[in-house]
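Student: Build me a model:
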Amino acid sequence: MAARLLPGHGGADGRPGRRRRPARRPVTGERPPGLAVDDEVEVEATAFAHGGHCVARHAGQVLFVRHTVPGERVRARVTEVGAGGRFVRADAVGVLQASPDRVEPPCPWSGPGRCGGCDLQHVSLPAQRRLKAGVVREQLARLAGLDVDVDVEVEAVPGDRAGLGWRTRVEFAVDPGGRAGLRRHRSHEVVPVDVCRIAADGVSALDVPGRPWPGAEVVDAVAPSVGDPVAVAVPGQDPPDVVERVRAAWTAVEGEGRLERDFTVSARGFWQVHPGAASTFLAAAMEELAVRPGERALDLYSGVGLFAAALSEAVGPSGQVVAVEADRDAAARAEAALAGAGNVVVLAARVDDAFGVPRPQRRRGRGRATRASRSPLLPPRADLVVLDPPRTGAGTAVVAAVARLRPRALAYVACDPAALARDTAALEEHGYRLSRLRAFDAFPMTHHVECVAHFVRRPA
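Tutor: Okay, here's the model as predicted:
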């Protein structure tokens, strides 16, 4: 968050700061109008919003209320008041009129003031997926101006047990006394849990909360698909390598496409946390792309090379794949894993730097945008592009650079519907249309949802 400038003070770069009107102080014994932290009010939850809360209103103020379901009447306790009182965050601490979709949370650590990892344990699994589908539709309509003709269905991903026992990577926080747990919502406070109910069996078997971790800041617990689970204390311990296995099949232009391969990943490196996610997303992306032998493809934000490996086999020896990954360790692992293919080039660079577009400015007054020269390893044209960016999305500048390659089709793997909707609007502006969208429940019991979107170029 940008630092607040006092009237007349300069910015961080030495330039004069924007003058602000001094806030009026309340008279002693009074408080500003509207709700304050710890106030409790009765409200009706309406729409489910992006972020895992429901929208409610009280005396002209908007409340974002967690631990409730649309249609419920609840007693909400205020936990945070936004700037100027324009919005309020709150927890539902009492249910006055329950929704038929409400269930007893399977985890005793879920609920107001407890672990912040799960937003939806109080909602039945089918209803969770309906709520997430509504968020995807709403974000595409609001940010991209698109009406999704067919209802978005959030599909289950193989590998969990009714929404539990799926998370193969869990980061535990450690308190000053060396005890590991999970953080409260929007807080650094550590909740000393016994076991995480959404964690995979291998993670739970490590018993991270039951062991002392003196000097550690966090502990990463990983249950890879190959080999034994590992626990990594940070700082103080070098992360070992783990092996993740992928078996995925899809319908291709000529017969069936298939990838069966092991990938070596750092225990702290990126890999999908749901055991069925990597294979599911790979098949969803590749089937719709309908890769043809001899084509040129880009794998952006490639990680250790999951999509690049499948693209390499599909385009064959006459085709070419360029993989771009900012994490040097992941890029080196991708290069080693794909060295024998003969048709893959791995570029260790940020995607925006590789395209020579300015990096996005996250703070005002923090210097000028930086721009790198376009990498000569990026081709001027490409037939296909796969993007699997972080939660912030690719961004409009990268989308514009991708569109200039004039690919015939793109596959965009997104873990944030808002970022996907923003980039969808950018792709629409540059001559591409959304041809298919699939959504997956890769994070049950949370508000997160993964989408695989496909885009094709409009006729000139």
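Student: Next up, the contacts around the residue nearest to residue 414 when sequence neighbours are not counted.
Tutor: Closest residue to residue 414 apart from its sequence neighbours, by Cβ to Cβ, 6 or more residues apart in numbering: residue 420 at 3.7 Å. For glycine as for every other residue, the C-beta is placed from the backbone atoms N, C-alpha and C. Counting by Cβ atoms under 8 Å, 6 or more residues apart in numbering, residue 420 touches 139-140, 393, 412, 414, 451, 453.
Student: Over to residue 420. Which of the three states is it?
Tutor: Following DSSP: H, G, I helix; E, B strand; the rest coil, residue 420 is assigned to helix.
Student: which of the contacts of residue 420 lies closest to residue 211?
Tutor: Checking the contacts of residue 420 against residue 211 with Cβ to Cβ, the nearest one is residue 414 at 36.2 Å.
Student: now, which of the contacts of residue 420 lie within strands?
Tutor: Counted as lying in strands by DSSP state E, out of the contacts of residue 420, are 412, 414, 451, 453.
Student: now the helix or strand hosting residue 172, how far from the centre of its chain.
Tutor: For residue 172, the element it lies in under DSSP states H and E is strand 169-174. Relative to the chain's own centre, strand 169-174 is displaced by 17 Å; criterion: Cα atoms, centre = their mean, to the nearest Å.
Student: Same question for stretch 218-229.
Tutor: With Cα atoms, centre = their mean, you get 20 Å for stretch 218-229.
Student: residues in contact with it?
Tutor: 168-174, 180, 199-203, 205-206, 208, 213, 230-234, 239, 242-245, 262, 265, 267-268, 275.
Student: Which parts of it count as buried, going by neighbours?
Tutor: 218-225, 229 (16 or more other Cβ atoms under 10 Å).
Student: Ends of it, what's the gap?
Tutor: This stretch, stretch 218-229, spans 17 Å end to end (Cα to Cα, to the nearest Å).
Student: So what's the model's average confidence on that stretch?
Tutor: Average pLDDT, stretch 218-229: 98.
Student: For residue 288, state which of the ones in strands among the contacts of residue 420 is nearest.
Tutor: residue 453 (9.4 Å).
Student: Just the buried residues of the contacts of stretch 218-229.
Tutor: Buried, going by 16+ other Cβ under 10 Å: 168-174, 180, 199-200, 202-203, 206, 208, 213, 230-234, 239, 242, 244, 265, 267-268, 275, out of these.
Student: one step back: of the ones in strands among the contacts of residue 420, which count as buried by neighbour count?
Tutor: Looks like these have 412, 414, 451, 453 buried, using 16+ other Cβ under 10 Å.
Student: how about these in CSV, adding pLDDT and distance to residue 69?
Tutor: Putting these into CSV (pLDDT from 0 to 100; distance: Cβ to Cβ, whole Å) gives the following:
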residue, pLDDT, distance to residue 69
412, 98, 30
414, 98, 25
451, 98, 23
453, 97, 28
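Student: Just name the closest of those residues to residue 124, please.
Tutor: The closest of these, once distances to residue 124 are taken by Cβ to Cβ, is residue 451, at 22.0 Å.
Student: which stretches of the stretch 251-400 of the chain have low pLDDT?
Tutor: 361-369 (pLDDT under 70).
Student: And for the residue nearest to residue 316 when sequence neighbours are not counted, the neighbour number?
Tutor: Take residue 316 and drop its neighbours on the chain: the residue closest to it by Cβ to Cβ, 6+ apart is residue 293, 4.3 Å away. By other Cβ atoms under 10 Å, 13 other residues sit near residue 293.
Student: Under a three-state scheme, what state does residue 293 occupy?
Tutor: coil.
Student: What spatial separation is found between it and residue 317?
Tutor: 9 Å (Cβ to Cβ, to the nearest Å).
Student: what's near enough to touch residue 74?
Tutor: Listed by Cβ under 8 Å, 6+ apart, the contact partners of residue 74 are 42-45, 65, 68, 92-97.
Student: Show me what residue 450 bridges to in the sheet.
Tutor: For residue 450, the beta-bridge partners under DSSP bridges are residue 440.
Student: meant to ask about residue 414, not that
Tutor: Bridge pairing for residue 414 - DSSP bridges - gives residue 451.
Student: Who are the contact partners of it?
Tutor: 389, 393, 420, 423, 450-453.
Student: closest to residue 117 among these?
Tutor: Among the contacts of residue 414, residue 450 lies closest to residue 117 (Cβ to Cβ), at 17.0 Å.
Student: so how many other residues sit close to the closest one?
Tutor: A count of nearby residues for residue 450, using other Cβ under 10 Å, gives 26.
Student: same question, residue 350
Tutor: Burial measure for residue 350: 17 neighbouring residues, criterion other Cβ under 10 Å.
Student: ok, for it, nearest residue in space, not its chain neighbours?
Tutor: residue 326 (4.4 Å).
Student: Surely the one you found touches residue 352?
Tutor: No: the criterion here is Cβ atoms under 8 Å, and residue 326 misses it with residue 352 at 9.2 Å.
Student: Give me the more crowded residue out of those two.
Tutor: The neighbour count for residue 326 versus residue 352, taken as other Cβ under 10 Å, is higher for residue 352 (21 against 18).
Student: What values do phi and psi take at the more buried one?
Tutor: Taking degrees, to the nearest 10, you get phi -70, psi -40 for the backbone angles of residue 352.
Student: Please report how far it lies from residue 220.
Tutor: Distance from residue 352 to residue 220, by Cβ to Cβ: 28 Å.
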